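> Curious how this folds, go ahead:
(one chain, ligands or ions: 1)
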Amino acid sequence: MKAFVVERYGKDGLRAADVPEPVVGDGDVLVEVSAAGINPLDKMVRNGEFKRLLKYQTPFVLGHDVAGVVTRVGSAVRDFQVGDEVYARPRDLRIGTFAPYIAIDQDDVALKPASLTLHEAAAVPLVSLAAWQALVDRAHTQPVRSLGADVVVDYTKEDFAEVLSGYDVVLDSLGGENLKKSLTVLNPGGQAIGVAGPPDPGFAKQLGAPKFLGVVVGLLSRKVRKQARKLGVSYSFLFMQANGAELRELAALYNAGHLRPLIDKTFPFDQTLEALAYVEQGRANGKVVITLD
Ligand SMILES: NC(=O)c1ccc[n+]([C@@H]2O[C@H](COP(=O)([O-])OP(=O)(O)OC[C@H]3O[C@@H](n4cnc5c(N)ncnc54)[C@H](OP(=O)(O)O)[C@@H]3O)[C@@H](O)[C@H]2O)c1
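Below you'll find the predicted structure:
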C-alpha cells in the first residue's frame, strides 16, 4: 500500500512509499483510514526531536490521528466488529495513520462520535485527549460550569500577565516567555501545565527512558521549575497519551454538542506533504485533515 513514511529524520525525510499492509495482532483492530488529522507532533517526530526517547526504526509510517472503518479484528478483540466507524490516536511507537490501513491496539480505539462525519472525527483524538488529560486528569477541574471564557485577552493587543491574576490552573501551549509569565497569574498552590515544553523528569519516566536520560531531560525545565517553586506554584509538562476509554467519554461530549471540531482545511491523501507544510507555516485556524475517501 502507498503510505507516507519517514525515511530518515529531517525536514525532507517524509516520502510517499510502498509499504506492506499492517500485521494485525490478537488485540488489534485493522482500520481502513477514511481521514487522518495532522498535528505539530508529526513534524517534530519527522525531524527527530524525540528520537532519544521515542525509538522509531526508520522507515516508519507517520501520522497520529485517524478516523475510519474496522475491516478486521484480532482474536482477542471483544468490543469492536467489522464495519464499526472508529477514531483513535494510536499509541507512541505504533503510529502510522498517513496510510490506507493501520492496525491499532483495541485499548486506543473508540467508536467515533455519531454526530461527526469520519472526516470531522479525524480532527479530534490527539487534541481532545491532550485537553482532557491536562484539565481533567492532571488539573482535576470540576464540571461546575460549561466550557467558555469569562475574559478574552487578544495577545496582539494586551499582555495577559498584566490583566489576569488569581488563577488555579494555566494550560500553556507556547512555552518560553509565555510560560514564565503564566506562573505569575497563578494563586499560591496553583499549577501551570505546559504542552509545548520544556519537558520535565516525569516525561522521560512516562516514556520508560533510563534514569540518566530522565535527569538530562529534567535539566531542561530546572529553571522554570525553580522559578515556580519561588512563587509557591508548580510547573509540569504534559505529553498526552493514547486512551480509548477517554475517547469514549469525549465522544459523548461531542454528541451532546458541548464540543465541536474546527477544521481549517482538508487535503486529499496524495497531498499529505503539502498538508504538513501548510501546518508548519503555523497559519492554520483549526485542524488540517487529509482524506482518503
Ligand atoms: N504535549 C502534548 O501532548 C501536546 C498536545 C497537543 C499540542 N501540543 C503542542 O501545543 C502547541 C499548540 O498546538 P496546536 O495544535 O494548538 O498549534 P496551532 O494550531 O499551530 O495553534 C497555535 C495557536 O497559538 C496561538 N498563538 C501564537 N502565538 C501566541 C501568543 N503569543 N499568545 C497567545 N496565543 C498565541 C496561535 O494564534 P494565531 O492564529 O493568532 O497565530 C494559534 O491559535 C504545539 O507546540 C503542539 O506541539 C502538545
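> Secondary structure element holding the most centrally placed residue in the chain?
Nearest to the geometric centre of the chain sits Leu126, at 3.2 Å (CA atoms, centre = their mean). Assigned by DSSP states H and E, Leu126 belongs to helix 125-132.
> And for that helix, what's in contact with it?
Outside helix 125-132, the residues that touch it by CB atoms under 8 Å, 6 or more residues apart in numbering are 37, 39, 41, 64-66, 87-89, 171, 195, 238, 240-243, 246-247, 249-250, 259, 287. In short, each C-beta sits where N, CA and C put it, glycine included.
> can you do 6 Å?
When contacts are defined by CB atoms under 6 Å, 6 or more residues apart in numbering, helix 125-132 is touched by residues 39, 64-65, 87-89, 195, 240, 243, 246, 250.
> The residue nearest to Glu7 when sequence neighbours are not counted: neighbour count?
The shortest distance from Glu7 to any residue that is not its chain neighbour, by CB to CB, 6 or more residues apart in numbering, is 4.9 Å, and that residue is Pro59. The number of residues packed around Pro59, counting by other CB atoms under 10 Å, is 16.
> wait, Pro59 sits on Val5?
Yes - assessed by CB atoms under 6 Å, Pro59 is found in contact with Val5 at 4.4 Å.
> ok, the residue nearest to Glu7 to Ala16 distance?
Relative to Ala16, Pro59 is positioned 11 Å away (CB to CB, to the nearest Å).
> residue ranges with poor pLDDT in the chain?
Applying pLDDT under 70 to the chain flags the ranges 144-147.
> for it, what's the longest helix?
With DSSP state H applied, the helix covering the greatest number of residues in the chain is identified as helix 244-255.
> list the contacts for Phe160?
Here Phe160 is in contact with Val153 (criterion: CB under 6 Å, 6+ apart).
> thinking again about what came up before, tell me who's in contact with the residue lying closest to the residue nearest to the centre of the chain once chain neighbours are set aside.
With CB to CB, 6+ apart as the measure, Arg89 is the residue that lies nearest to Leu126, at 4.6 Å, once sequence neighbours are left out. Residues near Arg89 by CB under 6 Å, 6+ apart: 64-65, 125-126, 129, 242.
> from the chain's centre, how far out does the helix holding Leu126 sit?
Distance, stretch centre to chain centre, for helix 125-132: 6 Å (CA atoms, centre = their mean, to the nearest Å).
> Report the buried residues of the helix or strand following that helix.
Read in the C-terminal direction, the helix or strand following helix 125-132 is helix 160-163, with elements assigned using DSSP H and E. When burial is assessed from 16 or more other CB atoms under 10 Å, helix 160-163 yields the following buried residues: 160-161.
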